[in-house]
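Enquirer: structural data only, the sequence is not supplied:
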């Protein structure tokens, strides 16, 4: 029985247009933040120049790097690539299932909901509402909307699968399934927070745990938002456009399952050489390397399918090649010694842009050029404009990436270069920044070229749409009898031989990580026997094994469950032990001093201004890091993780455009009651916020003049402190009055020191003496200074010796740990 | 491809290319065995993981990163003390005033170090002020050109103050003390900075006799 079916191509057109529009916005913000690194005036002062002096400012809060960088990353990831991904998924899923999307209503809710979320993000992020975690900055009400819309998308997608008229699932759909399931898991867990108000919340994880959860999410947002859906899109559009069969089906299977299983484990490579437990660093590094081949499996299947003849294929070929480059570079950067040089530098930024500009951007362009003539039923407006786009884009992208490679590697080398004599470092941080300024300018030019190419794409698609007419494709499909799909039992799907043996063997290998000496060897032996059993079963029943996977592909629910198992294992192994281990017991001798209420308020300002985008708070276990940022005379002054134990959210950072601040603070000053003074005086910080270039010539930090006008938010502190107490931060019992008094006395003490140091506010020349002191004491700048002067404060609680061997801490069983 | 590809489910041998029967929306798939270099990369990475894990956790071959970095830092501290001792053995007040401070190359090197590290607190003109518009605003450090040496003004004392930071008896500027510059600068650089300061305010050091020159090698 056949029936005509009209595909819902309207949703595809909507998502595609949204992607083009948000792409321009996101890249424009990207160029603005890039130029801010070269010219501090781009943080708002440029408006005075643009308006002929009408708008005068030392800096505008919602245009500073710290607030716009999250806007850039969120816009290109969730708005540009997100909408592009949805366009590709909606187009190809209908055709691969030979059925119209299950619900037009859900499609519409999905589309409009997603756009509203993006608009909400574009308003809240520049306004300084943030959770302070990279790529997870959006505030909690928006998080809930994202989760709900994602569920709408998932229901729509799986419902469509259930209605399919095609018995078996094509490889593109496997990747879509992995995307939907895994992003849901990652997003929900990393966004667990307790609200303190409608716009603010604290993540439930703190310090090391928060870092681990964050990068499990952060790394896999790249994997399952920017990689797997685009691989699925590649598997549909590339063979379509090339009109050739996919290179190897078996490679599809191997690379899919190894990719989804291994990717999850690689998150800790963002925390290499920190105080993260060694076994996690080891897993992060080794699994990243194991990821290389599976990633290249995707590249091979794309590249070897191709013939390069027209712009669509040129974009696909380049996109797939850059995917290969980027996934080779990733494992390379995850090797600890390489990472020691590359981490916190622009090399990482270069790496992600190979992925985003090269892989995502080029695949998007290829897909758009392929889709536009089909969605509007007319030839592409200009073939040659598409080719010009390709050439500009590839020039811009290479300029961008090569400039940042040079910047990252040369700054990394300079930061660890020793002076003559070999006992001190050769360069001050600011000198290393000076040396890479030219690369920053080249990168802005590269990015501008890339955006220019993208604008050509927008024009081309717009002209095409205008020339044609919106068209929904109708095809004749055979209705599939329900007995021909989804007939597999759960037992057959999950417990059949050799699968059951493989699962058991894996469980024993994982046990071997954690068991004490000798028990671990026994576990490995059992795992080896089980593997042998699986192998023989596999050999004996080659036919049924392949049949099993073929059958699995005709059963979307068991398939989805197995994908979930594969992606859940890595995260569970890495995160759960760290959550269970009693955190106060495992702090390596340093226990963080609790903030005072004023310091907490300052910390929230620090987070809102996005300081973490440029300043890390993590001195790694590397000699150059300790020499540069450690305190004089403390031999092991790297950041022990007990020092950030109670930080919700953690602020270790991932990039050092400015120096590390982990040990910026100090002890309580002589004759003071609460005022601390660290590496620099209060007046230094005060002058630095007014004009960073006064105390630190050539600095590219924006000025923060509004910190001197805005008042510290004291009213919300009781609620914030109550929430933190519930999260396990040992705050003393404080009434709201006590909190207000504590804030007032500490702020006054700091303000008094600033007045005594004769600080001078250029735009308030009349404020002096007591008036100046009272003004400063109320302003955010004093709260931030209080926070900065507290950074790195800890109580020494070392009991000597190593921690007791414990079942959830593989490092404690280590042979060398006890004998050396 | 001239000849019609073989139809089937899976390739059985290396080099064989099988075109699979099933089509999805017109998309066809080949099956062929995977290239050896790909398999080598994949299996190699897995073997490397196993070997590294076993070597690290079952043998004594690797130091953990904490122990390693502590040893490195201790070695650097030791070298630094030795260097300081060596430099101090060849320095005294007379040497700094009459040899270092009169050597233009040494003074220029000292100036360069001063400009990078000391200006934010002591000012480019050593007055510990900065001109903001029409106002001379104070900087966090003590002025160096006011002829007052609160913690002692002998060249070797100045060397010590820079090397070790503000002395313990200092209450600091509103609590803020000068950092331990010996952490960042080598003894030679510190001596150069002292020479630069002497060259800028020679009148404060004119009492130091040249006779002391013979006391050190």
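Expert: Noted; the coordinates are in hand. Small disclaimer: the values here were computed from a predicted structure and weren't measured. Numbering: from 1, shown residues only, chains lettered A, B, ... in the order given.

Enquirer: which stretches of the stretch 701-820 of chain A form helices?
Expert: Using DSSP state H, counting those that start in this stretch, the helices of the stretch 701-820 of chain A run over residues A:717-726, A:736-756, A:769-778, A:780-788, A:815-819.

Enquirer: and the third one, how far out from the chain middle?
Expert: Computed by Cα atoms, centre = their mean, to the nearest Å, the separation of helix A:769-778 from the middle of its chain amounts to 41 Å.

Enquirer: and it, what other elements does it pack with?
Expert: The helices and strands touching helix A:769-778, judged by 3 or more Cβ pairs under 8 Å, 6 or more residues apart in numbering or on different chains; DSSP states H and E, are helix A:736-756. Every residue, glycine included, has its C-beta placed from N, CA and C.

Enquirer: how much does the helix it packs on deviate in direction from helix A:769-778?
Expert: 130 degrees (axes from the mean of the first three to the mean of the last three Cα atoms, to 10 degrees).

Enquirer: quick one: contacts of helix A:736-756?
Expert: A:596-599, A:601, A:669, A:672-675, A:682-683, A:686, A:712, A:714, A:717-718, A:721, A:734, A:769, A:772-774, A:776-778, A:782-783, A:785-786, B:174-175 (Cβ atoms under 8 Å, 6 or more residues apart in numbering or on different chains).

Enquirer: selection in PyMOL covering whichever of those residues are buried, please.
Expert: In PyMOL, this line selects whichever of the contacts of helix A:736-756 come out buried by 16 or more other Cβ atoms under 10 Å in any protein chain shown:
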select buried, (chain A and resi 596+597+598+599+601+669+672+674+675+682+683+686+712+714+717+718+721+734+772+773+776+777+778+782+783+785+786) or (chain B and resi 174+175)
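
Enquirer: contacts only, for residue A:559.
Expert: A:169, A:174, A:177, A:552-553.

Enquirer: how about 6 Å then?
Expert: Contacts for residue A:559 (Cβ atoms under 6 Å, 6 or more residues apart in numbering or on different chains) come out as residue A:552.

Enquirer: following the record's annotation, map out the domains of chain A.
Expert: Residue ranges of the domains in chain A are recorded as A:7-131, A:345-483, A:490-583, A:590-796, according to automatic domain parsing.

Enquirer: can those domains go into CSV with extra columns for mean pLDDT and distance to residue B:152?
Expert: Shown next, in CSV, are the domains of chain A (pLDDT from 0 to 100; distance: least, Cβ to Cβ, whole Å):
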stretch, mean pLDDT, distance to residue B:152
domain A:7-131, 93, 40
domain A:345-483, 90, 25
domain A:490-583, 85, 48
domain A:590-796, 91, 20
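
Enquirer: distance to residue A:233 added to those domains, as CSV?
Expert: Output for the domains of chain A, formatted as CSV (distance: least, Cβ to Cβ, whole Å):
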stretch, distance to residue A:233
domain A:7-131, 4
domain A:345-483, 6
domain A:490-583, 18
domain A:590-796, 28
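
Enquirer: tell me the centre residue of chain B?
Expert: residue B:184 (7.4 Å; Cα atoms, centre = their mean).

Enquirer: roughly how far does it sit from chain A?
Expert: Separation of residue B:184 from chain A (Cβ to the nearest Cβ, to the nearest Å): 6 Å.

Enquirer: what is the burial count for the residue nearest to that residue when sequence neighbours are not counted?
Expert: Leaving aside its sequence neighbours, residue B:184 sits nearest to residue A:424 (Cβ to Cβ, 6 or more residues apart in numbering or on different chains; 6.0 Å). Neighbourhood size, residue A:424 [other Cβ atoms under 10 Å in any protein chain shown]: 22.

Enquirer: so residue A:424 sits right up against residue B:186, yeah?
Expert: Yes. Look at residue A:424 against residue B:186 with Cβ atoms under 6 Å: they come within range, at 5.0 Å.

Enquirer: report the buried residues of stretch A:430-437.
Expert: Neighbour-count burial for stretch A:430-437 [16+ other Cβ under 10 Å]: A:430, A:432-434, A:436.

Enquirer: gap between it and the chain center?
Expert: The answer for stretch A:430-437 is 26 Å, by Cα atoms, centre = their mean.

Enquirer: so does it get close to chain B?
Expert: No. Remark: stretch A:430-437 sits outside contact range of chain B, by Cβ under 6 Å from any Cβ of the partner chain, the gap being at least 7.1 Å.
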